[in-house]
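**Student:** build me a structure from this.
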Amino acid sequence: MYAVLFTDAGLSPAQISSLFAIWSVTAFALEIPSGVWADVFSRRTMLIAAPVLTGAGFALWTFFPGYAAFAVGFVLWGAGTAASSGTLQALVYEELVKLDAEDSYAKVIGRQDAIGNGGGAIATALAAPVLAAGGYLAVGVASVAACLIAAALARALPESRTQPEDRESYAAVLRSGLGEVRASPRLRHSLILVAVIMGVTALDEYLPLLAAATGVGTAGVPWLMLMLFAASTAGGWLAGRGTRWTALGVAAAALLLATGAAWRTPLGFALVAAAYGLVEWATAALEADLQADLTDRSRATVTSMSGLGAEVLAVLAFAGYALGSVWAQPWLLFTLAAVPYLLIAAAVRRGPRGPSRDRE
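**Tutor:** Residues are numbered from 1 along each chain as shown. The predicted structure follows:
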């Protein structure tokens, strides 16, 4: 509901876009440094810190609503995003390696995303009655509490990776990661694809505005967003299945997004939700390809590079939306957003083939 909160606080679409840009620029600046830090020290510790930072940002929004507090909150959220980006994927993949189950990475990470989206769906379903009963204060307090629970759960994650006494330096790990990317065209292709699909999907921050534009009103927005969470949950739960159809799935997502946005009705928004479900499923498959080409020495570092690219594209997407909102309605902007997904589908289909690199 935060996009709606910003609107109710009197912010214009351009101001909201500037907040999203602050969020992305912060994550951009900290993306690779946090990934290297996770490779050098503890990935689990980074995952504990991430929701704590995000929760602090939500607390500012709740108790000090206004542009300045919103901006600082996004800086904290951006830091939390950077701390977990790349780190979670690296931790999950290497723990699966130790269980000789790395082939199940897409399934595991997809189901993790599905559970997260399921939690989002429950929160969205509760948003309308909670908002009606306690306003933004109640929603904000619940959001902070959820972040603290996430930090406690992160502390319970396994981390069997041990750090040797002759731990590599920060610079050495960074050089290793850059060397891997330079040496492998296949790795570069996977890294770029993950960055692009994640960067374009950043426009989902504006989906509440698209939902409101269907005529359901502010109170009806959570119910439409519930469809989005449900579709994303289904897409994540099915991750790891039918991955040979990834290109076709992304192309279908583009068609559903364009059609649903142009329809401008609640039923059309259901098609938009289905599109994002397909994107969730496809993203897990692309991430699995990326992880299969990496070594543990700099896994979080290189994964964070894809996150860095995603943040750059997200800033461009936010700027494009802000500029486009001057002359176009949300439905047209989301219809145009389908074009990058078609390009991604073509790149997946024509990308380099062959076995993944040997693990070291």
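**Student:** so where is the stretch 201-350 of the chain shaky, pLDDT-wise?
**Tutor:** Residue ranges of the stretch 201-350 of the chain with pLDDT under 70: none are present.
**Student:** residues touching residue 80, list them.
**Tutor:** 49, 50, 51, 52, 53, 54, 57 (C-beta atoms under 8 Å, 6 or more residues apart in numbering). Every residue, glycine included, has its C-beta placed from N, CA and C.
**Student:** C-terminal to whichever helix or strand the second one is part of, what's the next element?
**Tutor:** So the one you mean is residue 50. Assigned by DSSP states H and E, residue 50 falls within helix 43-63. Next helix or strand after helix 43-63 toward the C-terminus (DSSP H and E): helix 67-84.
**Student:** what angle sits between that following helix and helix 43-63?
**Tutor:** Between helix 67-84 and helix 43-63, the angle comes out at 170 degrees (axes from the mean of the first three to the mean of the last three C-alpha atoms, to 10 degrees).
**Student:** pLDDT on helix 67-84, on average?
**Tutor:** Throughout helix 67-84, pLDDT has a mean value of 93.
**Student:** next, the buried residues of the following helix or strand past that helix.
**Tutor:** The first helix or strand that comes after helix 67-84 along the chain, using DSSP H and E, is helix 87-98. Judged by neighbour count (16 or more other C-beta atoms under 10 Å), helix 87-98 contains these buried residues: 87, 88, 89, 90, 91, 92, 93, 94, 95, 96, 97.
**Student:** counting by contacts, list what helix 87-98 packs against.
**Tutor:** helix 13-40, helix 43-63, helix 105-155, helix 266-292, helix 299-324 (3 or more C-beta pairs under 8 Å, 6 or more residues apart in numbering; DSSP states H and E).
**Student:** which residues sit against the shortest one?
**Tutor:** The set of residues that contact helix 43-63 without belonging to it, under C-beta under 8 Å, 6+ apart, is 2, 5, 34, 37-38, 69-70, 72-77, 79-81, 83-84, 87-88, 90-91, 136-137, 139-141, 143-144, 146-148, 150-151, 154-155, 157, 159, 161, 300.
**Student:** then stretch 3-21?
**Tutor:** 61, 65-67, 70-71, 74, 136, 202, 205-206, 208-209, 212, 218, 221, 314-315, 318-319, 321-322, 325-326.
**Student:** one more time with 7 Å, if that's ok
**Tutor:** Here stretch 3-21 makes contact (C-beta atoms under 7 Å, 6 or more residues apart in numbering) with 65-67, 70-71, 74, 136, 205-206, 208-209, 218, 221, 315, 318-319, 321-322, 325.
**Student:** how about stretch 191-210?
**Tutor:** 3-4, 20, 181, 221, 225, 228, 261, 269, 276, 279, 282-283, 286-287, 290, 305-306, 309-310, 312-314, 317, 321, 330-331, 334, 337, 340-341, 344, 347-348.
**Student:** quick check on those: which are buried?
**Tutor:** Judged by 16+ other C-beta under 10 Å, buried ones among the contacts of stretch 191-210: 3-4, 20, 181, 221, 225, 228, 261, 269, 276, 279, 282-283, 286-287, 290, 305-306, 309-310, 312-314, 317, 321, 330-331, 334, 337, 340-341, 344, 347-348.
**Student:** can I have the buried ones of the contacts of stretch 3-21 as a ChimeraX selection?
**Tutor:** Selection of the buried residues among the contacts of stretch 3-21 in ChimeraX, burial being defined by 16+ other C-beta under 10 Å:
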select :65,70,71,74,136,205,206,208,209,221,315,318,319,321,322,325
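**Student:** now the residue nearest in space to the middle of the chain, what's its secondary structure?
**Tutor:** By C-alpha atoms, centre = their mean, the mean C-alpha position of the chain lies nearest to residue 198, the distance being 6.3 Å. What DSSP: H, G, I helix; E, B strand; the rest coil gives for residue 198 is helix.
**Student:** go on, the one 3 residues further on?
**Tutor:** Reducing the assignment to helix, strand or coil with three-state DSSP, the entry for residue 201 is helix.
**Student:** which parts of stretch 247-254 are buried?
**Tutor:** Those would be 247, 249, 250, 251, 252, 253, 254, for stretch 247-254 by 16+ other C-beta under 10 Å.
**Student:** for stretch 139-147, same thing?
**Tutor:** 139, 140, 141, 142, 143, 144, 146, 147.
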